[in-house]
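Enquirer: Got a sequence here, can you model it:
(one chain, ligands or ions: 2)
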Amino acid sequence: MYPPRILLGVNIDHVATLRQARGTRYPDPVQAALLAEEAGADGITIHLREDRRHIQERDVRLLAETLNTRMNLEMAVTGEMLTLAEQMRPAHVCLVPEKREELTTEGGLDVAGGLGAVSDACRRLAAAGCEASLFIDPEPAQIEAAVKAGAPVIELHTGAYAEATGEAARREYARLCRAAEQALALGLVVNAGHGLHYHNVEAVAAIPGINELNIGHAIIARALFVGLKEAVAEMKRLIVAGQEAGLVAAIEAHDHEHDH
Ligand SMILES: CC(=O)[C@@H](O)[C@H](O)COP(=O)(O)O
Ligand SMILES: NCC(=O)COP(=O)(O)O
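Expert: Numbering: from 1, shown residues only. Ligands and ions are numbered 1, 2, ... in the order given. Here you go, the predicted structure:
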């Protein structure tokens, strides 16, 4: 029985970064989202930051009314954002840490250190009909805390893996594999994202049990040269190839185990 195809969530934040650079109406993230869906995106991810550096509330409202797939709204664990999610009711909400001075998301959400607030947020999101996901580092304690918080989904922060090279990359990859295995055993749905690109995504797609990959910056950057639809299609092809390689490796390991 083949596992379900890994889903691709396309993060369009940086289409909005280009728009905000001049305060124009173009490029419109809504247009980008619809093109990404035409190219096969299974969902659209947007990060409404407190400082509104890229995605605006207008984008969230219009996307909520126009997407054909589904919205994954990333946001900080604040009253402002939870109230907005309760009003907009996106299918998925991913709770992420946020610091104004950060260039991009740095670490994962400290669920273990903020269990009360995160649990309350998960309760509010569930009551609003939003599936809550927690963006966490691949750490056993954070995974256990995610279960305690009542989140059905986690998104493993792949940033450390994406930034590492050589032996350090191999260590970070092993952390991701162990974290996915632990989370799946605890009944969590396991997504992954941050810093994934055309040269590091296949290995992550090969990790058994990954449900969805959320990828943005690399796709939008590639789109500058090949167009957004082709950039999305290329990423989907790599994810399929990676998942298939992972399946072959698992079958070979199973056969080897039973031959000896
Ligand atoms: C949580 C995460 O890793 C990204 O989805 C997030 O959107 C990064 O923030 P920027 O898009 O502002 O870089
Ligand atoms: N949660 C990860 C995401 O949505 C996209 O992150 P990136 O690919 O822009 O680094």
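Enquirer: Helices along the stretch 151-260 of the chain, start to end?
Expert: Here the stretch 151-260 of the chain has its helices, by DSSP state H, counting those that start in this stretch, at 159-163, 166-185, 201-205, 217-226, 228-259.
Enquirer: Save these as a markdown table, and put in mean neighbour count too.
Expert: Using the backbone N, CA and C atoms, a C-beta is placed for each residue, glycine as well. Output for the helices of the stretch 151-260 of the chain, formatted as a markdown table (neighbours: other Cβ atoms under 10 Å):
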| stretch | mean neighbour count |
| --- | --- |
| helix 159-163 | 19 |
| helix 166-185 | 16 |
| helix 201-205 | 22 |
| helix 217-226 | 17 |
| helix 228-259 | 15 |
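Enquirer: Among those, which comes closest to ligand 2?
Expert: For the helices of the stretch 151-260 of the chain, proximity to ligand 2 was assessed by Cβ to the nearest ligand atom; helix 217-226 is nearest, at 3.5 Å.
Enquirer: which strands and helices sit next to that closest one?
Expert: strand 7-11, helix 13-20, helix 228-259 (3 or more Cβ pairs under 8 Å, 6 or more residues apart in numbering; DSSP states H and E).
Enquirer: next one: the first one to chain centre, how far?
Expert: Computed by Cα atoms, centre = their mean, to the nearest Å, the separation of strand 7-11 from the middle of its chain amounts to 7 Å.
Enquirer: and what of stretch 146-156?
Expert: With Cα atoms, centre = their mean, you get 13 Å for stretch 146-156.
Enquirer: Using PDB, write out every CA atom in it.
Expert: Extracted C-alpha coordinates of stretch 146-156, given in PDB (Å, rounded to 0.1, in the frame of the first residue of the first chain):
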ATOM      1  CA  ALA A 146       2.800  19.600  21.000                       C
ATOM      2  CA  VAL A 147       0.800  16.600  21.900                       C
ATOM      3  CA  LYS A 148       0.100  18.100  25.400                       C
ATOM      4  CA  ALA A 149      -1.000  21.300  23.700                       C
ATOM      5  CA  GLY A 150      -3.600  19.500  21.700                       C
ATOM      6  CA  ALA A 151      -2.200  20.300  18.300                       C
ATOM      7  CA  PRO A 152      -3.100  17.700  15.600                       C
ATOM      8  CA  VAL A 153      -0.200  18.800  13.400                       C
ATOM      9  CA  ILE A 154       3.400  19.900  13.700                       C
ATOM     10  CA  GLU A 155       5.600  21.400  11.100                       C
ATOM     11  CA  LEU A 156       9.300  20.500  11.600                       C
END
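Enquirer: Tell me the buried residues in that stretch?
Expert: 146-147, 149-151, 153-156 (16 or more other Cβ atoms under 10 Å).
Enquirer: repeat for stretch 133-145
Expert: 133-139, 142-143, 145.
Enquirer: Make TSV from those and add distance to Tyr198, pLDDT and secondary structure to it.
Expert: Putting the buried residues of stretch 133-145 into TSV (distance: Cβ to Cβ, whole Å; pLDDT from 0 to 100; DSSP: H, G, I helix; E, B strand; the rest coil) gives the following:
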residue	distance to Tyr198	pLDDT	secondary structure
Ser133	24	98	strand
Leu134	27	98	strand
Phe135	22	98	strand
Ile136	25	98	strand
Asp137	24	98	coil
Pro138	22	98	coil
Glu139	27	98	coil
Gln142	28	98	helix
Ile143	28	98	helix
Ala145	33	98	helix
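Enquirer: Since that was my last question, I'll sign off now.
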